[in-house]
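Asks: Here is the input, now give the coordinates:
(3 chains)
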Amino acid sequence: MNSAADQLLVFVLLINILILGTRRTNIAIRAIAAQGIVLGLLPLMTHSFHSHILIITIFVLLAKGVCIPWLLLGALKKADSKEDLQPVFGYSGNIIAGAITTVLAFVFAAKLPLAPIHQGLLIVPASLATILAGFIAIANRRQAINQVVGYLMLENGIFIFGLLLTEAMPLMVEAGALLDLIAGIFVMGLIIRQINREFSSIDTSRMTALREVE
Amino acid sequence: MADILIHCALIILMPPLLLGVINRTKATCAGRTGAPLLQPYYDLFRLLRKGSVFSRTTTWVFRAGPIVTLAATLAAALLIPLGNHLPPLSFNGDMILFVYLLALGRFFTATAALDTGSSFEGMGAAREVTFSCLAEPVICIALLVLSRLSGSLSLSGILTHSSTTLWLNSGAALILLVAGLFFVLLSENCRIPFDDPNTHLELTMIHEVMVLDHSGPAFGMIMYGAALKLFILGALFLHVLLPLRVASPLLDWMIFFTSILLLAVVIGVVESVMARYRLTRVPQMLLAACVLSAFAMMLVMR
Amino acid sequence: MLILLLTTIPLAGALVTWLVPSGHRRPLVLPVVACLHLLLSGFAIAQPSAPLMNGWICLDAVGKLFLLEFSALFAACAFYAVNYLQYRKERNNRGICTGFLVCLSAMTLATAAHHLGLLWLAIETTTLSMAPLVYFNRNARSIEATWKYMLICSIGIALALLGILFLAYATVVAGLTPSLILNTLQGYAPSLPNVWLNAAFALMLVGYGTKMGLAPMHTWKPDAYGEAPGLVGAMLAGGLANCGLLGLIRIYQICISSSDVHFYKTCLIGIGLFSIAVAAIFLVRQTDIKRMLAYSSVEHMGLFAVALGLGGKALYGVMLHLIGNGLAKGVLFLTSGNIHRAFASKNREFARGTLKRAPWTGALFLAAFLAMTGSPPFLPFASEFVFFTAAFSQGHIITGSLMALLLMVAFLGMTLTVVPVVFGDPPKDRERTRYRETFLLVAPPLALLVVLGILGLWLPQPLYRLVVEAAGLLEAVR
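Replies: Numbering: from 1, shown residues only, chains lettered A, B, ... in the order given. The predicted structure is shown next:
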């Protein structure tokens, strides 16, 4: 549609890599907040002005830019450690994996049949890359809050794809999806506090009581 | 002809000034008066007047190291356009020569360090080549991207192609390149946060530890070569970042002169506000720079 | 409009439970709401289905069967909860009562949602509302289970959302008016581009499959089922897993109408057989009865997937099995809750000889186990029989044989655990718990079992018509 949106999407991709590479949880949370704000601005760039779009923008900015980061920072304040432990494949491994999946996302997106007006846009590859980066973050991180950040990246990727469909998706469903997202993060925040209380740590790799023992 | 003369004069005379500006900026940020701007020149003259001491264990490689490095860097400087002006040497594919010249210089610095047989210098050489393994791809990819954007194969063609319209059309790719190149500019020139040129602890050094055994004129050449490298890479960086072009040659030279001094100030500020990375973080940051430039390539190849 | 009332009544009940200060009286709200819900559900099911709100809401035959199952199961759980929560006086029961009712409301909405986005919302809400319930026991093990449940299910459901977006985008690519209404999409299906439709199907299979607990996305299931109270386990296995199945059935209805259905059928049969295999392997030598039930749930969800993949006659079996499986799981989990209370353990090492310690519970557990594994005269026998005849009559010899073999392994594996739990000698050296069998702890599962038995022998004519109509809805629209 226009290059401004594309440049914002590149910014989103960079935030993915930053989140994958950073070891400090509060930076990861602030980065995901920044990503949320960028996503909130995107609908304004890609669509002509409309009250429907404006409501989504405000809602997304409030939810992803303010509420969720605030909840997560609150949970982090209660937690014992501000730094995550070494991820399973190391930080370099994380970054390389993020880069490889981004390339794959671009390759894959080039093969998908798109509607003529969406040809050559960054939206589809950026969305796939963000979703995959979210998966890497969830799988590789050990601290509960960082896994939630990964989940948020996943949701952000889905939201980017939703930009192609703002006209098709009714407002109610979109708002409902966001509301559920906030509720989900809220519940996760509460669980994280309980995990911290129960295990004196939010390192999920300590949770090994429930395994199949044979 | 006048442009070529100015080009040669700049590459010979200006590099130490950048070091002076950086050191002055750091001093100002720290609230000190600092050394005079021309201090690097005095240091160079002092070193050139001194005699040399060579360890008995070293061979000709050790003596050749600084000379080859300086020569290679000077040759590379002849290939790069400054401001809006064509360099003295320019042909199709010279960007590959440019990268190789820089690599040759590094190769000889590292080999000379190994030649001393000192464990510290061997360690420094190992670090230097490890990090440049990650830094070189960034420059290569950056040149590839620019070459793709401009459709030209010579350094002068691809570097002077950048313009405001190009920024509007593929700004995303260029932002990524600028970020990646800035990382490399800092790491290749041993600046904080990658390396600390003023450190006195050999264990944490990268570049400085390689040249511990050099003295007198040889060390002067190394210092000068390092400043020249900063100058070249700075010029390369500015070509991507600032697409300012005016018709008047004189004004173009002025723009180049001011912008590269400003770049030195920026580097000085970065050095003042950042702490050095832990050694294990350096490869990660360089890897991030690689990823940035790879993204840029992906964006333009798409 | 009845369906909207059905959705709001539990919500109102949830508000009441939240406001009632007394932990003793609060659970009494549950049976009241459950009776009202069951009664109104009966009326709603008897009415002919008519689309409401631009087709967003429409209680079709499939939805009616699900509604019936949910409502019946919830009624049993609600009566059971009254006495169960009296045993667990030390825990605050505000969360569990409110969560249950919110979940019922969301499940009711899911049965009637014909807009895929609305369906997604309802299913996501069930996931969220169940999270505090899994954490009812408030210890390290249950928080671990809750975390896994929450994270894995959230990711799964997020993927399902992506699948919905892909589906909507498929309509855009095909140049049709974008829509997410089920009936419209069924009409569109033949003209949708295959790539997007396949991708949407795969994502929703993974997404709703996570919720159902299909392998390999089942890892949260044994943990959550194992650590949650039996009461919550019943709702998870009979309610939430079926919600996932409903989501899968809806996308199946769309995909089956498209031009090339080979991909979908292969996917479903493959993932279904894999789930049954994984479940069968883990059922052998499983010592924890609740985890055993969880794997049994994985196995039956796998059966559903295979049956959907087989199509044809098996669809009739799906509709029967959805009631049979849901209610039998309800009995099993409620009685396993009793066993857990009676022995203060859910491990077969310590929970032995239920028939001697709590005869009603032991008998019910054994009978429900037989029902679940497909023994006559119970309903699951009929549905599993339909699956096998469908598989062999449609030429899926290998699938049918594999299914039979794996079900046999699962049966043997479960028997090894169930027999000592029911018939063994109660451990002498352990302290006797204060558990006593009461009417409300035994009658609800008994009622469910009686229903299962009756339905297995004789299917009432209206129900039979409903099942046939629902199975017909799963056929391709041409």
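
Asks: Now do the top helix by length along chain A: which elements does it pack against?
Replies: Taking DSSP state H as the criterion, chain A has its longest helix at helix A:171-199. Applying 3 or more C-beta pairs under 8 Å, 6 or more residues apart in numbering or on different chains; DSSP states H and E, one finds that helix A:171-199 contacts helix A:51-60, helix A:68-78, helix A:144-162, helix C:116-134, helix C:140-173. For every residue, glycine as well, the C-beta is placed using N, CA and C.

Asks: Residue of chain A closest to chain B, please.
Replies: A:Val10 (3.9 Å; C-beta to the nearest C-beta).

Asks: quick one on the thing from earlier: in the longest helix of chain A, what's buried?
Replies: A:173-178, A:180-182, A:184-185, A:187-196, A:198-199 (16 or more other C-beta atoms under 10 Å in any protein chain shown).

Asks: ok, now which ones touch the spatially most central residue of chain A?
Replies: For chain A, the residue nearest the mean C-alpha position is A:Met153 (1.3 Å; C-alpha atoms, centre = their mean). Contact analysis of A:Met153 by C-beta atoms under 8 Å, 6 or more residues apart in numbering or on different chains lists A:Asn16, A:Ile19, A:Ile32, A:Gln35, A:Thr130, A:Ile131, A:Ala133, A:Gly134, A:Ala137.

Asks: Tell me how far the nearest residue to it once chain neighbours are set aside lies from A:Ile158.
Replies: In space, A:Met153 comes closest to A:Gly134 once its chain neighbours are excluded; the distance is 3.4 Å by C-beta to C-beta, 6 or more residues apart in numbering or on different chains. For A:Gly134, the distance to A:Ile158 equals 9 Å [C-beta to C-beta, to the nearest Å].

Asks: Show me the shaky parts of the stretch 51-200 of chain B.
Replies: Along the stretch 51-200 of chain B, segments meeting pLDDT under 70 span B:200.

Asks: Just the element for B:Leu70, please.
Replies: Take DSSP states H and E as the rule and B:Leu70 turns out to sit in helix B:60-79.

Asks: Next, the buried residues of that helix.
Replies: B:62-79.

Asks: how much space between the residue in the stretch 151-300 of chain C that chain A sits nearest to and C:Leu116?
Replies: Going by C-beta to the nearest C-beta, chain A is nearest to C:Pro178 of the stretch 151-300 of chain C, at 3.0 Å. For C:Pro178, the distance to C:Leu116 equals 12 Å [C-beta to C-beta].

Asks: what's the answer for A:Leu61, then?
Replies: From A:Leu61 to C:Leu116 the distance is 27 Å (C-beta to C-beta).

Asks: and these two? which has more neighbours close in?
Replies: Taking neighbours as other C-beta atoms under 10 Å in any protein chain shown, A:Leu61 and C:Leu116 compare with C:Leu116 leading, 27 against 16.

Asks: got a list of what that one touches?
Replies: Residues C:Ile164, C:Leu167, C:Leu180, C:Ile181, C:Leu182, C:Leu185, C:Arg250, C:Ile251 are the ones in contact with C:Leu116 under the rule C-beta under 8 Å, 6+ apart.

Asks: you'd agree the last one is up against C:Leu203?
Replies: Think C:Ile251. No - taking contacts as C-beta atoms under 8 Å, C:Ile251 lies outside contact range of C:Leu203: 9.3 Å.

Asks: So for the two, which sits in the more crowded spot?
Replies: C:Ile251 (26 against 23).

Asks: what helix or strand is the residue nearest to the more buried one when sequence neighbours are not counted on?
Replies: Among residues not flanking C:Ile251 along the chain, C:Met204 sits closest, at 4.5 Å (C-beta to C-beta, 6+ apart). Using DSSP H and E, C:Met204 maps to helix C:194-212.

Asks: Pull the contacting residues for whatever residue of the stretch 351-478 of chain C ends up closest to chain B.
Replies: Residue of the stretch 351-478 of chain C nearest chain B, by C-beta to the nearest C-beta: C:Ala476 (39.0 Å). C:Ala476 makes contacts with C:Ile256, C:Ser257, C:Val261, as judged by C-beta under 8 Å, 6+ apart.

Asks: can you tell me how far A:Gly157 sits from C:Gly95?
Replies: 32 Å.

Asks: Then C:Phe392?
Replies: Following C-beta to C-beta, the distance that separates C:Phe392 from C:Gly95 is 48 Å.

Asks: Looking at the two, which is more packed in?
Replies: Per other C-beta under 10 Å, whichever of C:Phe392 and C:Gly95 has more neighbours is C:Gly95, with 17 against 14.

Asks: Find me the pLDDT at A:Met1, would you?
Replies: We have a pLDDT of 43 for A:Met1.

Asks: State the distance from whatever residue of the stretch 151-300 of chain B ends up closest to chain A to A:Gln119.
Replies: Of all residues in the stretch 151-300 of chain B, the one sitting closest to chain A is B:Ala172 (3.9 Å; C-beta to the nearest C-beta). Using C-beta to C-beta, one gets 17 Å for the distance from B:Ala172 to A:Gln119.

Asks: These two: which has the busier surroundings?
Replies: B:Ala172 (24 against 8).

Asks: Name the helix or strand for the residue nearest to C:Gly238 when sequence neighbours are not counted, please.
Replies: Of all residues not flanking C:Gly238 in the chain, C:Gly326 sits nearest, at 3.9 Å (C-beta to C-beta, 6+ apart). Assessed by DSSP H and E, C:Gly326 sits inside helix C:314-343.

Asks: how far out from the middle of the chain is that helix?
Replies: From the chain centre to the centre of helix C:314-343 is a distance of 9 Å (C-alpha atoms, centre = their mean, to the nearest Å).

Asks: What mean pLDDT does it get?
Replies: Averaged over helix C:314-343, pLDDT sits at 92.

Asks: what comes up buried for that helix?
Replies: Buried-residue list, helix C:314-343, by 16+ other C-beta under 10 Å: C:314-343.

Asks: So between A:Gly134 and A:Ile158, which is more surrounded?
Replies: A:Gly134 (27 against 22).

Asks: mind listing what that one touches?
Replies: Counting by C-beta under 8 Å, 6+ apart, A:Gly134 touches A:Gly150, A:Tyr151, A:Leu152, A:Met153, A:Leu154, A:Glu155, A:Asn156, A:Gly157.

Asks: Quick one: the residues you listed as a markdown table, columns for distance to C:Glu431 too.
Replies: Shown next, in a markdown table, are the contacts of A:Gly134 (distance: C-beta to C-beta, whole Å):
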| residue | distance to C:Glu431 |
| --- | --- |
| A:Gly150 | 45 |
| A:Tyr151 | 43 |
| A:Leu152 | 47 |
| A:Met153 | 50 |
| A:Leu154 | 48 |
| A:Glu155 | 48 |
| A:Asn156 | 53 |
| A:Gly157 | 53 |
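
Asks: helix/strand/coil for residue 38?
Replies: Using chain A. helix (DSSP: H, G, I helix; E, B strand; the rest coil).

Asks: Sorry, I should have been clearer: chain C.
Replies: Put simply, C:Leu38 is helix when judged by three-state DSSP.

Asks: For A:Tyr91, see how far away the residue nearest to A:Met153 is.
Replies: Counting by C-beta to C-beta, the separation of A:Gly134 from A:Tyr91 is 17 Å.

Asks: same question, A:Met45
Replies: Distance from A:Met45 to A:Tyr91, by C-beta to C-beta: 32 Å.
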